[in-house]
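Asker: Here you go, sequence then predicted model.
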Amino acid sequence: MSSHSSPPRRVLVADDVESMALLMKRVLEREGYSVETAADGKDCLEKTASFGPELVIVDIMMPRLHGLDVLKRIKADPALSTTGVIVCTAKSYKPDEELALAEGAFAVIEKPFRPELLAARAREFFSGMRAGATEGALPSAGAGSGLYSPSFDENRAKIRLWGTRGSIPVSGSRYARYGGNTSCMSVERGKDMVIIDAGSGIRDLGIEVAKRGPARIHLFIGHTHWDHIQGFPFFLPAYIPGFEIFVYGASGFGKDLESVFHGQLDSDYFPVQMEDMRAGLEFRRLEENPVTIGDMKVSWEFTHHPGATLCYKVETGGKSACYMTDNEFLKGYLGDPRAAETDAELLAPYRKIMDFVADSDILIAEAQYTNEEYRTKIGWGHSSVSSACLLAKLGRIRDWVVVHHDPQHDDFFVEEKLGLMKQVCRHLGFACEIRGGFDGMVEYLD
Ligand SMILES: [Zn+2]
Ligand SMILES: [Zn+2]
C-alpha cells in the first residue's frame, strides 16, 4: 500500500441497483477511499456496523428498508454520531429532499448525476465543509437536444365510434365498458367529416360538432332500422343555422330516406318537426360509388340484411376502414366454417360482400350471435360468430373491431364472445387482432 500515515477513509455505498452501486464504488475509489457496497437497506445497516464507514451513500428507494429509515437509524444511533449520510434519489420531489436534510443528511444528490458531483460531495464532507442543498440531476436530462413536446397532428384520419350497440340502446353498470348507444361512427380528415349511421350515439357527436361551429356534414345511413336513425332528432347541428347536412342513403329503402326521417319527426313521435330544423338539410340518394369528400372516398355495397342495407368503406391516404354493422353471412349455415371455406356454391351469393370487405386495414363489423344463439335467429340479418370469422378470414382482415353488440350481451358476455371469436379464428388457422368496439373508441387510419 501507500506510505500515507492515515488509512483511507471508509465509504459505504448502498444501492439495490448493482450497476449503480459499482459505478459509485469506482468513482469513490478513484478518489482514494476504501469503498464497500450494500444491496438494500438492511444490508446497509449491517455493513455500517461491521465496516464502520465514515460516510454512507444511501439510495432512497431500496428494498427491505427504505433509505430514509436507514438515515434515521444512523442518526438515532449515538455510536454513529459522526457518520455522514448522503442520500441519492431518483425521486426529485422537494418534500423527500427536505425530509432527508431535516433528518440530518449531509447532502441530497439527484440521479442521474455526474460522477464528479458525488466525488465533490464526498470531498466536502471529509473536509468538514457544509454541502449545498440538493444538487445533481444532470442539466435536465437531455436539455442539449431541446424539449420534446409532440403536438397532435390534426391531419391524421381519425375514426371515432359513438355508438356500438345494435337494436336498442342499453344503460347501466353491466354495460359500462362497451357502452349503450346505438350505431354511429365518425371519420375525420382535416376539416372534413363523414358520419356513418345516426343511432343514439350521434347525439354525443352532435354536441361536439356544434361546439366547433357551422360546417358541412356528410351523414351516410346504412339502413333505416331504428338503431341506425333514432339519434337524428337529437343531433344538435341540425337545429343550428349555418350547418349544412347531407344525408345519404341507398335507393331501395321502403320509403325514400327523406320520408323516413320526416316520419320519425312526426308530431305523434316527437315534439319538434323537421321543419324546425334550421340547418340546411339535403337528402341524397346514393348513385355514384365512391363518393368523394375532401381527401376521403366513401364507397358502399349492399349487405345481407332485411331491407336495403349498406355497408361502407372509407378510404384515405392509401388506407381503408370498412364499416359493416348488419350482415348475415352464410344465412342458415350451422356447420363447421372450415367446410364452408371451400364450398364455392355456398359462398357464391356472398362474393360481392367478400370482395368489398377484402383487404380493409380495419374492419369495423358485427359478429352478433354466438353459434348457439344463431340457431334461433336465422334470418334476423346478423351473422353467427363463426360465419363472421370466416368472412374476416376470406377478406384477409388483420384488424377487426367488433361492433353492433346485442342488447342482451352485457360486458361480461361480450368479453366471453370475443374470446370465443379468437378461438374460432385459431380453428380457422386465421391470425387477426380482434377487439371489442366501445362507445368513444378512437382509431387512426394512418
Ligand atoms: Zn342494426
Ligand atoms: Zn337492421
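Answerer: Structure's in. What do you need? Ligands and ions are numbered 1, 2, ... in the order given.
Asker: Tell me which residues touch Phe243, please.
Answerer: Shown in contact with Phe243 (CB atoms under 8 Å, 6 or more residues apart in numbering): 214-217, 237, 279-280. All C-beta atoms are positioned from the backbone trio N, CA, C, and that covers glycine.
Asker: Spell out which parts of this protein neighbour ligand 2.
Answerer: Within reach of ligand 2 by CB under 5 Å from the ion, the chain has these residues: 225, 326.
Asker: Give me the below-cutoff pLDDT ranges for the chain.
Answerer: 1-5, 91-92, 129-145, 253 (pLDDT under 70).
Asker: Looking at the record's assignment, how would you partition it?
Answerer: Domain ranges of the chain: 10-141, 158-444, per automatic domain parsing.
Asker: For the contacts of Phe243, which entry has the maximal number of neighbours?
Answerer: Ranked by neighbour count (other CB atoms under 10 Å), the contacts of Phe243 have Pro237 at the top, with 25 neighbours.
Asker: residues in this structure within reach of ligand 1, list them.
Answerer: Residues of the chain that fall close to ligand 1, judged by CB under 5 Å from the ion: 166, 227, 326.
Asker: mind checking how far the nearest residue to Cys184 once chain neighbours are set aside is from Ser50?
Answerer: Nearest in space to Cys184, with sequence neighbours left out and distances taken as CB to CB, 6 or more residues apart in numbering, is Gly201 at 3.3 Å. Relative to Ser50, Gly201 is positioned 69 Å away (CB to CB, to the nearest Å).
Asker: for Ser299, same thing?
Answerer: 78 Å.
Asker: Met277 too?
Answerer: For Met277, the distance to Ser50 - CB to CB - is 85 Å.
Asker: ok, these two, which is more surrounded?
Answerer: Neighbours per residue (other CB under 10 Å) separate Met277 from Ser50, with Met277 holding more: 21 against 10.
Asker: residues touching the more buried one, list them.
Answerer: By CB under 8 Å, 6+ apart, the neighbours of Met277 are 238-239.
Asker: List phi and psi for Thr280.
Answerer: Small correction: residue 280 is Gly, not Thr. When quoted as degrees, to the nearest 10, the phi and psi of Gly280 stand at phi -70, psi 130.
Asker: And the nearest residue to it once chain neighbours are set aside, how far from ligand 1?
Answerer: Closest residue in space to Gly280, ignoring its immediate chain neighbours: Glu244 at 4.2 Å, by CB to CB, 6+ apart. Distance check for Glu244 against ligand 1: by CB to the ion, to the nearest Å, it reads 27 Å.
Asker: try Ile60
Answerer: 57 Å.
Asker: which one is the residue of the stretch 301-446 of the chain found nearest ligand 2 nearest to, not counting chain neighbours?
Answerer: Residue of the stretch 301-446 of the chain nearest ligand 2, by CB to the ion: Asp326 (4.4 Å). Of all residues not flanking Asp326 in the chain, His305 sits nearest, at 4.3 Å (CB to CB, 6+ apart).
Asker: Confirm that the one you found lies within a helix, as I assumed.
Answerer: No - counting by DSSP: H, G, I helix; E, B strand; the rest coil, His305 falls outside a helix, being coil.
Asker: That one reaches Ser383, doesn't it?
Answerer: No - in this structure His305 lies outside contact range of Ser383 using CB atoms under 8 Å: 10.0 Å.
Asker: Need the overlap of contacts for these two.
Answerer: In contact with both His305 and Ser383: 327-328, using CB under 8 Å, 6+ apart.
Asker: Between the two, tell me which one has more neighbours.
Answerer: More crowded of His305 and Ser383, by other CB under 10 Å: Ser383, with 28 against 22.
Asker: related to what we said a few turns ago, what's the residue nearest to Gly280 sitting at in phi/psi?
Answerer: Torsion angles, degrees, to the nearest 10, at Glu244: phi -120, psi 120.
Asker: Give me the neighbour count for the residue in the chain positioned nearest to ligand 2.
Answerer: Relative to ligand 2, the nearest point of the chain is His225 (3.4 Å; CB to the ion). Using other CB under 10 Å, His225 has 21 other residues around it.
Asker: Report the contact partners of it.
Answerer: With CB under 8 Å, 6+ apart, His225 has these contacts: 307, 326.
Asker: so Lys393, which of the three states?
Answerer: Applying three-state DSSP: Lys393 is helix.
Asker: The chain should start at 635 in everything you say after this.
Answerer: In the new count, where the first residue is 635, that last one comes out as Lys1027.
Asker: what about it, how many neighbours?
Answerer: Lys1027: 19 neighbours (other CB under 10 Å).
Asker: re earlier: sitting in helices, which of the residues of the chain next to ligand 1 do you find?
Answerer: Cross-referencing these against helices under DSSP state H gives Asp861.
Asker: Which of the residues of the chain next to ligand 1 are buried, as a PyMOL select command?
Answerer: Of these, the buried ones can be selected in PyMOL as follows, counting by 16 or more other CB atoms under 10 Å:
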select buried, resi 800+861+960
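Asker: can you list the residues of the chain next to ligand 1 in a markdown table and add distance to Ala999?
Answerer: Output for these, formatted as a markdown table (distance: CB to CB, whole Å):
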| residue | distance to Ala999 |
| --- | --- |
| Gly800 | 12 |
| Asp861 | 15 |
| Asp960 | 9 |
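Asker: all helices for the stretch 735-884 of the chain, in order.
Answerer: In the stretch 735-884 of the chain, the helices defined using DSSP state H, counting those that start in this stretch lie at 749-760, 836-846, 860-863.
Asker: Check the secondary structure at the residue lying closest to Thr858 once chain neighbours are set aside for me.
Answerer: Ranked by CB to CB, 6+ apart and with sequence neighbours excluded, the top spatial neighbour of Thr858 is Val894, at 4.6 Å. Of the three states, Val894 takes helix under three-state DSSP.
Asker: burial measure for Val894, as a count.
Answerer: When neighbours are defined as other CB under 10 Å, Val894 has 18 of them.
Asker: pretty sure it contacts Ile863?
Answerer: Yes - if you go by CB under 8 Å, Val894 and Ile863 touch, sitting 7.0 Å apart.
Asker: Mind putting the contacts of Phe877 into CSV with distance to Asn815?
Answerer: Compiled in CSV, these are given as follows (distance: CB to CB, whole Å):
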residue, distance to Asn815
Pro848, 25
Ala849, 22
Arg850, 24
Ile851, 18
Pro871, 17
Ala913, 22
Gly914, 26
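Asker: And Pro712, how far from ligand 1?
Answerer: Using CB to the ion, Pro712 is found at 79 Å from ligand 1.
Asker: State the phi and psi torsions of that residue.
Answerer: Per-residue torsions, Pro712: phi -60, psi -30 (degrees, to the nearest 10).
Asker: What is the burial count for it?
Answerer: So Pro712, with other CB under 10 Å, has 5 neighbours.
Asker: In contact with it: list those residues for me.
Answerer: By CB under 8 Å, 6+ apart, Pro712 lies in contact with nothing.
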